[in-house]
Each structure stands twice: as structure tokens, then as C-alpha cells.
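1. Take this sequence and fold it.
(one chain, ligands or ions: 1)
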Amino acid sequence: MSGGYSFDISYGKMRVPVYRVYATPLEGISAIPESAFTGRPNTLFALEVDVEVFGRNFFPAYEKGDNSNVVATDSMKNFVLRQALSYEGATLEGFLEYLGRNLLAAYSHMEALRVSGRELPFHYVPVPHQERFEQSEVLFSRAHGDYAVASLDLARDEQQHPTLSNHRCGQVGLELFKVTGSSFTRFYRDEYTTLPEREDRPLFIYLDVFWKYGEVADMLAADHQRYVPAEQVRDLLQTVFHEFVSESIQHLVYEMGKRLLDRFPQLAEVSFEAQNRTRDPMAVSSVDERVKVYSDPFPAYGLIKLTLSR
Ligand SMILES: O=c1[nH]c(=O)c2[nH]c(=O)[nH]c2[nH]1
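-> Numbers count the residues shown, from 1 in each chain. Just a heads-up that it's a prediction; the model follows:
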């Protein structure tokens, strides 16, 4: 309470773009059967960073216009960029933890922080090299598909040391279209039901997946042995979608969740947000019934969520 009011405040800098070149390569990753990914050179380590600062010490700025404790968000942006230069690790989560710890160390009046990062994905460019094509080591093409995210909450323990109080990692923005091998039948029918049963439908989903580790040491260890790369999670989800003939998106995300928790014992929880973007059939070939044309459905879309914990 202050001035008779109770309050809840935070402030910070959003979407600080960071393009670090020649970061430390990601190595030591354990292979999984669903993915060819075992590391990346991190030649271009690009992300957008949000810093959100919590602390009652900032209330005088709101109440009295007293900015004496206010770290300018412009300074925060500079802090983020300098940390990106000195970071010696190889992961998004590691960078956020390094940044968060150093912010709390530098500013004793910051009580707690949320630091979040969004990968700015770039793909390798194939270039001719000795009669074959190889990935350029210097040229990267900005990709606008799915990308990794992470959010870390840091607080202080009784001795004022920074501690990681919460975290969430993810891969968001997948858009996957499976042309055959999905059904949606035997659902509840009443006077509102107009949807026909489909033994085989073209299933188009937008998908976000999130995960939490049981022990944060597995996320942050420098050997990366138990680190879960977002690339492997994405490849595992794609493999399950490819292989599994689902009865619904609910059925599909549950299968994905089980596979993730089986494959990565270091994870405590996985969660999904899936949008049903399935298209409506418009025309079928009279020569080959596999050949069909679909178009956009009514613009509202189904939303399916799942959280799976141990
Ligand atoms: O996989 C699906 N789950 C649903 O709950 C649903 N509802 C709907 O109309 N189509 C679908 N598809």
C-alpha cells in the first residue's frame, strides 16, 4: 500500500534486436531418433529480447515523479547488447540467464526480473562448391517460419543472490499441413451439427509447444548433454505428425506430448496450443481421387490446448 492504494508495477524494454556473429557453437547435444539435429555453429545468433523489471523501489517514479531509482529502458537496451557481446555460451536460455543474473548484480534495487527471448531465425544458404552444393559459412537467409522462444523469471533469495524462480522454453509458429492420414469421426452430434464425418481429412494446424525442465541445471549446463534443443522438439513433433494417424487434434497433441516426455526424461512438463486450420474440400479429380483442391474455411478456427506433467 502507498498513498492508500495497493499497486502492482513493472517496466522494461521490449523487442531489443540482437545480432551476435560468431557466438560459441552449440555442441555436445545428445542425438534423438526423430531428428538429424546435433548442434549448430551459431555463426549468426540472432534474437529479440524483452526485459521486464519488478520492484517496489520503482513506485516513487509513479507516485511522485521521482526517477532517482529508475534505470532508463534505453540503458537496459544498451546493457542487453553489451551482454550479447560478452556471453560465452551457446543457447538462448543460457544467454537469458546470463543477462538476468548480471542485471540483478548490477542493480541492487531491482527485486525481480523476467527476461524473454525470441529467436530471429536465419537459414543456411546452399552455394556451389567443387561441383556440389554446400552451406555458405557466411551468408544466411532470414526465415519467417517457426522459431524458438524462452522466458526466465529471476528473483533474489534471502542472501539477495539471484535465483531462477520459473522458466518456460518453446518453439512457436509451426504451420503443418498433412495431406492424408488424419480423421475426425464419431464426434457428438445434435441439432447444431453440420460438420460431416471425415475418415481422411487434410489436416492443417498451427502449433506452439512449450516445455519446462525438472532441474534447471539440465537447461543451463555447459556440456549441453541434457539440453533440449528447440530444433529437436520441432523435428520430433513433425515426426509424430508424419507417422501417426490421429482421430483428432486432441489425439495428436497427446501423442506428441507422450513422445516428448518419453524422449526427454529431463522435462517435467510440456504444453501445446494448436489451431485447427483445416481447409474445406472444393473439388476432386475424376481421374485420381487422391487429387483434390481445398480452400479456406469459415474464418473462425478451433483451438486445442494440452498441458502434460509428470
Ligand atoms: O481435431 C479436431 N478436433 C475438434 O475438436 C474439432 N472440431 C471440429 O469441428 N473439427 C475438429 N477437429
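
2. From the chain's centroid, how far away is the helix or strand of the chain with the lowest mean pLDDT?
-> In the chain, no helix or strand scores lower on mean pLDDT, DSSP states H and E than strand 280-284, which sits at a mean of 89. Relative to its chain's centre, strand 280-284 lies at 34 Å (C-alpha atoms, centre = their mean, to the nearest Å).

3. Partner strands of it and their direction?
-> Using DSSP bridges, the strands paired with strand 280-284 are strand 292-295 (antiparallel).

4. following the strand it pairs with, which helix or strand comes up?
-> Toward the C-terminus, strand 292-295 is succeeded by strand 302-309 as the next helix or strand (DSSP states H and E).

5. can you pull the buried residues of that next one?
-> Using 16 or more other C-beta atoms under 10 Å as the test for burial, strand 302-309 gives 304, 306, 308. Heads up, the C-betas are built off the backbone N, CA and C, glycines and all.

6. How about stretch 142-159?
-> Under the neighbour-count rule (16+ other C-beta under 10 Å), stretch 142-159 has 146-156 buried.

7. quick one: which two of those residues are the most distant?
-> Spatial extent of the buried residues of stretch 142-159 (C-beta to C-beta) is set by the pair Asp146 and Arg156 at 34.7 Å.

8. Out of the buried residues of stretch 142-159, which comes closest to Asp280?
-> Nearest to Asp280 among these: Asp146, at 24.8 Å, using C-beta to C-beta.

9. so who does Ser183 touch?
-> The contact partners of Ser183, taken as C-beta atoms under 8 Å, 6 or more residues apart in numbering, are 198-201, 245-247.

10. I'd guessed His123 sits against Phe140; true?
-> Yes. His123 lies in contact with Phe140 (C-beta atoms under 8 Å); the separation is 6.7 Å.

11. For those two, indicate the residue with more neighbours.
-> Regarding His123 and Phe140, a neighbour count based on other C-beta atoms under 10 Å identifies Phe140 as having more, with 17 against 11.

12. Bridge partners for that one, pull those for me.
-> Going by DSSP bridges, Phe140 forms beta bridges with Tyr124.

13. what's the distance between it and Phe45?
-> Phe140 sits 11 Å away from Phe45, going by C-beta to C-beta, to the nearest Å.

14. for Pro281, same thing?
-> For Pro281 relative to Phe45 (C-beta to C-beta), the value is 44 Å.

15. Among these two, which residue is more densely surrounded?
-> Just comparing Pro281 and Phe45: by other C-beta under 10 Å the higher neighbour count belongs to Phe45, 26 against 14.

16. Helix or strand next in line after the host helix or strand of that one, which one?
-> For Phe45, the element it lies in under DSSP H and E is strand 44-54. Using DSSP H and E, the helix or strand that follows strand 44-54 in sequence is helix 59-64.

17. helices or strands next to that following helix in the packing?
-> The contact analysis (3 or more C-beta pairs under 8 Å, 6 or more residues apart in numbering; DSSP states H and E) places helix 59-64 against no helix or strand.

18. avg pLDDT for it?
-> Average pLDDT, helix 59-64: 94.

19. Give the buried residues for it.
-> Phe59.

20. can you check stretch 274-290 too?
-> In stretch 274-290, counting by 16+ other C-beta under 10 Å, buried: 274-279.

21. Okay, and which of the residues you listed map to helices?
-> Among the buried residues of stretch 274-290, none falls in helices (DSSP state H).

22. quick check, nearest of these to the ligand?
-> For the buried residues of stretch 274-290, the residue nearest the ligand by C-beta to the nearest ligand atom is Asn276; the value is 5.2 Å.
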